[in-house]
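Enquirer: Sequence and computational prediction follow.
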Amino acid sequence: MSTVPNIEDSDRKVLKRFTEDAGIGYSNFSEAEFKSLNNIITKLKTTHKELPGERYLNLLYHLNDFAYKDRFTKKGFKTRDNYMFENITAVINKARGRVIINAHNGHLQKTKFGGATSLGYLLNKLYGKQYYVFATDFNEGLVKVFDKKSGQYVDRPFGAVNDKGATEYYFKQCKFDNFILPFSNAKDYPAINSFLHRKLKMLRNMGSMGDIINWKIVPAENYDLIVFFRKT
C-alpha cells in the first residue's frame with residue numbers, strides 16, 4: 001500500500017481490509033468503511049486518468065456502491081443493474097456489432113424484476129426487437145452453488161418440480177428430455193402459445209447461492225426462447 005499516492009493512514013487501513021478481509025459481499029465492512037473506500041477511489045482518480053486505471057476505478061466504484069446499497073438500503077438490485085446497463089451499452093457502442101450477455105434470467109428479462117428495474121428492462125426499452133433473450137430452465141439435478149459458510153462452490157441436488165404453477169412441471173412432461181423452444185414458433189400452436197402467456201413461476205430461476213425465486217412472470221413477455229433440460 002505504500003506505493004498508493006495521496007492516501008492517508010486511516011485510508012490505508014480500509015484498503016488493507018478491502019484486499020484482505022472485506023468478506024463475501026463486503027459483509028465485514030461498516031458504513032464508514034464503505035464511504036472511506038469511495039473517498040479513496042475519488043483520490044485515486046486524480047492520478048489515474050488514463051485507461052486501464054480509470055476503467056478499473058470506475059468498476060470498483062460501481063461494486064462498492066452496489067454492495068453498500070445492497071446491505072443498507074433496498075436499492076441494491078436496481079443499482080447493480082443500472083451499472084450493468086451502463087457498462088454493457090458502452091461495450092456495444094465500442095463493438096458496433098452483436099454482443100452476447102451471459103447473466104441470470106432475472107437480470108435479462110424484459111419486464112421489471114420483482115418491481116425493480118432490471119438490466120433486461122433497460123436493454124429492451126433501448127433496443128426493442130434487437131434485444132433477443134434466451135432463458136434457461138431445468139427440472140432436477142445437481143447445481144453448483146456458492147456456500148457462504150465454506151466460501152466454496154458446492155454441488156447441491158434439486159428434486160423434480162411438482163408445483164402445477166411452475167413452468168418446469170409442464171416442461172418435464174414433454175416428449176423430449178431436453179429442447180429449445182423459440183416463442184415465435186409457439187404462435188403456430190394455440191395451446192403452447194396460451195401457456196406461455198400465463199403468469200407462471202420458474203422454480204429453477206435461482207441465484208448463485210441456490211435461493212429459489214418464486215415471483216410469477218409471463219414467459220412470452222420476458223423471453224424470446226427457452227432452453228430446457230429435464231435433468232442436469
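Expert: In hand now; what should we look at? Numbering: from 1, shown residues only.

Enquirer: so how far does stretch 23-34 reach from one end to the other?
Expert: Start-to-end span of stretch 23-34 (C-alpha to C-alpha, to the nearest Å) is 13 Å.

Enquirer: Show residues contacting that stretch.
Expert: Under the contact criterion C-beta atoms under 8 Å, 6 or more residues apart in numbering, stretch 23-34 has outside partners 14, 17-18, 21-22, 37, 64, 67-68, 70-72, 148, 151. C-betas here are computed from N, CA, C, even on glycine.

Enquirer: Whichever of those end up buried, select them in PyMOL.
Expert: This is the PyMOL syntax for the buried subset of these, where burial follows 16 or more other C-beta atoms under 10 Å:
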select buried, resi 14+17+18+22+37+64+67+68+70
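
Enquirer: between the contacts of stretch 23-34, which is nearest residue 134?
Expert: Residue 134 has its nearest neighbour among those in residue 70, at 26.6 Å by C-beta to C-beta.

Enquirer: quick one: least confident helix or strand in this structure?
Expert: helix 9-21 (a mean of 80; mean pLDDT, DSSP states H and E).

Enquirer: Can you spell out which helices and strands pack onto that helix?
Expert: For helix 9-21, the packing partners by 3 or more C-beta pairs under 8 Å, 6 or more residues apart in numbering; DSSP states H and E come out as helix 31-45.

Enquirer: before we move on, the earlier item: dump the least confident helix or strand of the chain to CSV, restricted to CA.
Expert: Coordinates of each C-alpha in helix 9-21 appear next as CSV, following Å, rounded to 0.1, in the frame of the first residue of the first chain:
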residue,chain,number,x,y,z
ASP,A,9,-3.0,6.2,7.1
SER,A,10,-6.7,5.8,8.0
ASP,A,11,-7.5,5.1,4.4
ARG,A,12,-4.7,2.6,4.1
LYS,A,13,-6.3,0.6,6.9
VAL,A,14,-9.5,0.5,4.9
LEU,A,15,-7.6,-0.6,1.7
LYS,A,16,-5.9,-3.3,3.7
ARG,A,17,-9.3,-4.5,5.0
PHE,A,18,-10.7,-4.4,1.4
THR,A,19,-7.9,-6.5,0.0
GLU,A,20,-7.7,-9.0,2.9
ASP,A,21,-10.9,-9.2,4.9
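
Enquirer: ok now that helix, how far from the chain's centre?
Expert: Helix 9-21 sits 28 Å away from the centroid of its parent chain (C-alpha atoms, centre = their mean, to the nearest Å).

Enquirer: thinking again about what came up before, format the contacts of stretch 23-34 as TSV; extra columns: distance to residue 168.
Expert: Rendered in TSV, the data for these read as follows (distance: C-beta to C-beta, whole Å):
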residue	distance to residue 168
14	45
17	42
18	40
21	40
22	36
37	41
64	37
67	32
68	36
70	28
71	32
72	35
148	26
151	30
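
Enquirer: next structured bit after the strand ranked longest in the chain?
Expert: The strand spanning the most residues in the chain, taking DSSP state E as the definition, is strand 134-147. Using DSSP states H and E, the helix or strand that follows strand 134-147 in sequence is strand 152-158.
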